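Chemist: Predicted coordinates and the sequence they were generated for:
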Amino acid sequence: MPRFMYSGCTISAGFTGTSVAIKLMDDSLRNWFTVNLDDSLFTFESNDSSGFYQLAEHLPDTVHRISITRRTEWHGGNTSFAGFVLDQGKGLLLIPKLSRTLEFIGNSLTCGYGNEGESRKSHFEYRTENGYLAYGAIVARALNANYVAICRSGIGMYQSYGGDRDFVQPKLYDEIVVGSGARWNYRDNPPDVVVIELGANDLVKPLDSVLFVDAYVNFVKKLRTQYPEADIICASGPTLPGDNTLTFQTYVQAVYAQFAAIDKRIHYFHFGTIDANGSDWHPNLEEHQQMADALLPFIKDLKNW
């Protein structure tokens, strides 16, 4: 069965008939999903050990389109997709393949951590993490693009939020699912644009700027090797209230400066300032939309989309 673990992973299909169910086997029975059925949105928690979830009944007997997107991140474990269940005699339909792809490499912001939390005083809960409405997913839908997110809360480029130098994207980026040696096929899945949203966690603990910049530069070189034609955006921010992120911006700009003269498809972007009203000082839904509104015109101008 196909397996996945990142927030933003989506299963989409067309189908005919009056009902639809899905079979999802979930490692932890605590992940949440957003369903988009004929442009009607609703959610469900994958908490049934049988893996069977009835998503709709009594629909008009016509053609429908459905997408199921995982809202929650990797530490919820792997989810396995065992198929759709339709009315007897009905079948699935091919849907148009999107021609554009955006890849977002990030931390908790890209995951959608706490964006449905009540306030900054709220703490992490699976039900309040909504990767479907994280800034990157919003941008991808606005551009009618495939969305790929490689993101983990707390992860860094050189060191993690807690200072762990093994919990970093350069070491974990190639991992598709937990507990597997399988690696992503980069050649057959090239994105048009890659957005790197990393660095804030690195700065929580004492950090050698040279080591951080070197790690970032080497990671960009890896991306360029696997994606020769992609535009790569090195993003900093967003800035929080009372938060001096000039150091963060300076480090990312130093990375960009090393490529500016030799690779015109590498870019620098700053998200601007947000209030961070989601759980544990993360952006809420409104602020994710604000981040998306800042990034969207940048990518449109970059690609002439």
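Modeler: Noted; the coordinates are in hand. Numbers count the residues shown, from 1 in each chain.
Chemist: And the pLDDT for the residue lying closest to L302 once chain neighbours are set aside?
Modeler: Excluding its sequence neighbours, the residue lying closest to L302 (C-beta to C-beta, 6 or more residues apart in numbering) is D231, at 5.7 Å. The C-beta positions use only the backbone N, C-alpha and C, and glycine is treated the same way. Looking at D231, its pLDDT reads 98.
Chemist: From T247, how far out is D231?
Modeler: Distance of D231 to T247, given as C-beta to C-beta, to the nearest Å: 26 Å.
Chemist: returning to what we had before: give me every residue that touches the residue nearest to L302.
Modeler: 192-194, 265-267, 302-303 (C-beta atoms under 8 Å, 6 or more residues apart in numbering).
Chemist: and if you look at Q258?
Modeler: 213, 217.
Chemist: May I have the phi/psi pair for it?
Modeler: Phi and psi for Q258, reported as degrees, to the nearest 10, are phi -70, psi -20.
Chemist: That one and I266: what is the separation?
Modeler: Plainly put, Q258 is 9 Å away from I266 if you go by C-beta to C-beta.
Chemist: Over to R70: give its phi and psi.
Modeler: Main-chain torsions, R70, degrees, to the nearest 10: phi -70, psi 130.
Chemist: can you pull the pLDDT of the closest residue to it other than its chain neighbours?
Modeler: Leaving aside its sequence neighbours, R70 sits nearest to C9 (C-beta to C-beta, 6+ apart; 4.8 Å). For C9, the pLDDT comes out at 97.
Chemist: So that it lines up with my notes, have the first residue be 785 from now on.
Modeler: All set: I'll call the first residue 785, so the last point we hit is now C793.
Chemist: What is the neighbour count of C793?
Modeler: The local packing of C793 (other C-beta atoms under 10 Å) involves 21 other residues.
Chemist: swap in the one 10 residues further on?
Modeler: Using other C-beta under 10 Å, S803 has 17 other residues around it.
Chemist: for G1021, same thing?
Modeler: Per other C-beta under 10 Å, the neighbour tally for G1021 reads 22.
Chemist: residues contacting it?
Modeler: For G1021, the contact set (C-beta under 8 Å, 6+ apart) comprises 1029, 1032-1033, 1054-1057.
Chemist: before we move on, back to that, if I look at the residue nearest to R854, how far off is R787?
Modeler: Per C-beta to C-beta, C793 is found 10 Å from R787.
Chemist: Okay, domains of this protein per the record?
Modeler: Here the domain parsing of the chain from automatic domain parsing is 787-877, 884-1087.
Chemist: Give me whichever of the ones you listed is most buried.
Modeler: Mean neighbour count (mean count of other C-beta atoms under 10 Å) peaks for domain 884-1087 among the domains of the chain, with a mean of 19.
Chemist: Just the terminal-to-terminal distance for stretch 833-850.
Modeler: Criterion C-alpha to C-alpha, to the nearest Å; first-to-last residue distance in stretch 833-850 is 23 Å.
Chemist: Noted, bye for now.
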